[in-house]
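Trainee: Quick check, what structure comes out for this input:
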Amino acid sequence: MSFNDDVYDVVRLIPYGRVTAYGAIAKYLVDNRASRRVGWALNSSFHVEPEVPAHRVVKRNCMLSGAMHFPPDRPMVQMLKEEGVDVKDGQVVEFDRVFWDPMTEL
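Mentor: Numbering: from 1, shown residues only. Predicted coordinates for the structure are as follows:
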């Protein structure tokens, strides 16, 4: 199994209406310096089956840093809002309330 596949497996476990951070996934996968690799993996996930809910992964400071990489027909902000995640000015509002940590949840 590849690093990308490992990332996809973790991201698929993020519950509806919750978000996590690139670094939280990297730490769970035993390389807390690999948050950028997590981002690269998610940039390649838009055509992967089963679907990877990459919109649920944000920066640790709650910024939607990957939003510009989403396809125009599936904007990150819209998908988060449809799940009840409040987003304002490119940031998740009440990040602590919706944050899902794979280290404690899995």
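
Trainee: For Phe99, give me its contacts.
Mentor: Arg18, Val19, Thr20, Ala21 (Cβ atoms under 8 Å, 6 or more residues apart in numbering). For every residue, glycine as well, the C-beta is placed using N, CA and C.

Trainee: Among those, the buried ones, what's the ChimeraX command?
Mentor: Selection of buried members from the contacts of Phe99 for ChimeraX, criterion 16 or more other Cβ atoms under 10 Å:
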select :18,19,20,21
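
Trainee: Can you tell me which of the contacts of Phe99 end up in helices?
Mentor: Judged by DSSP state H, helices contain none of the contacts of Phe99.

Trainee: would you list the contacts of Phe99 in a markdown table and tack on distance to Leu64 and pLDDT?
Mentor: Below are these laid out as a markdown table (distance: Cβ to Cβ, whole Å; pLDDT from 0 to 100):
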| residue | distance to Leu64 | pLDDT |
| --- | --- | --- |
| Arg18 | 15 | 98 |
| Val19 | 9 | 98 |
| Thr20 | 13 | 98 |
| Ala21 | 11 | 97 |
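
Trainee: can you put the contacts of Phe99 in a markdown table and add distance to Val7?
Mentor: Supplementary listing: the contacts of Phe99 in a markdown table, determined by distance: Cβ to Cβ, whole Å:
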| residue | distance to Val7 |
| --- | --- |
| Arg18 | 17 |
| Val19 | 15 |
| Thr20 | 11 |
| Ala21 | 13 |
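
Trainee: What is the nearest of the contacts of Phe99 to Arg56?
Mentor: Of all those, Arg56 sits closest to Val19, with 5.0 Å by Cβ to Cβ.

Trainee: so who does that closest one touch?
Mentor: Val19 touches Arg56, Val57, Val58, Leu80, Val85, Val92, Phe95, Val98, Phe99, Trp100, counting by Cβ under 8 Å, 6+ apart.

Trainee: For the fifth one, list the residues it contacts.
Mentor: This points to Val85. Per Cβ under 8 Å, 6+ apart, neighbours of Val85: Gly17, Arg18, Val19, Val92, Val98.

Trainee: Could you look up the SS state of it?
Mentor: State at Val85, reduced to three classes by DSSP: H, G, I helix; E, B strand; the rest coil: coil.
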